[in-house]
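Trainee: When you get a sec, could you give me coordinates for this:
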Amino acid sequence: MGPLIVVTGYKEKGDLYTEAQAGSAYLQQHGIPASAIVEASGSDSYQNLTDAAAALQGRGVHTILISTDPFHEDRSMAIASSLGFVPYPTPTRSSPIGAFASIPTSPRRPSPSGSVASWAMPT
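Mentor: From the prediction side, this is the model:
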């Protein structure tokens, strides 16, 4: 079996395609065969990775590269590890999430996005 690429993401209201479908189409337009692409969808990192896990584990995949923005890297690595994978990070050089996303909205209450370090895995 050759390498696989997993593309993830869901569809916002008004979108014609999911992020996963758009990623898959882009890769195919650039010469990656559809048989090497796995589409997984979810509205957050945990859902994306759990959806992808079934397809990857069914193909005997244990080691994966995680390509995501630096803000989501630690969380994605922890999720992948909890699902039984040996993950390695390949972070992007940019992020749509700015520095203000982790600043508390008040002195007593953290912002809704919180910090990656405080994110807890469901059991």
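
Trainee: can we go C-alpha only for contacts and neighbour counts from here?
Mentor: Fine.

Trainee: Next one: the spatially most central residue of the chain from I79, what distance?
Mentor: In the chain, the C-alpha nearest the mean C-alpha coordinate belongs to S45, at 4.8 Å (CA atoms, centre = their mean). Going from S45 to I79 by CA to CA, to the nearest Å gives 8 Å.

Trainee: residue ranges for the strands of the protein, please.
Mentor: Using DSSP state E, the strands of the chain run over 5-8, 37-40, 63-66, 86-89.

Trainee: same for the third one, what does it pack against?
Mentor: By that I understand strand 63-66. With contacts defined as 3 or more CA pairs under 8 Å, 6 or more residues apart in numbering; DSSP states H and E, strand 63-66 has these neighbours: helix 70-82, strand 86-89.

Trainee: Kindly reformat these as a markdown table and extend each row with distance to G58 and mean pLDDT.
Mentor: A markdown table is the format used below for these (distance: least, CA to CA, whole Å; pLDDT from 0 to 100):
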| stretch | distance to G58 | mean pLDDT |
| --- | --- | --- |
| helix 70-82 | 15 | 89 |
| strand 86-89 | 16 | 91 |
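
Trainee: Which one of the ones you listed lies nearest to V38?
Mentor: Nearest to V38 among the helices and strands packed on strand 63-66 is helix 70-82; the distance by CA to CA comes to 15.9 Å.

Trainee: circling back: adding distance to I37 and mean neighbour count, write the helices and strands packed on strand 63-66 out as a markdown table.
Mentor: Shown next, in a markdown table, are the helices and strands packed on strand 63-66 (distance: least, CA to CA, whole Å; neighbours: other CA atoms under 10 Å):
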| stretch | distance to I37 | mean neighbour count |
| --- | --- | --- |
| helix 70-82 | 18 | 19 |
| strand 86-89 | 18 | 16 |
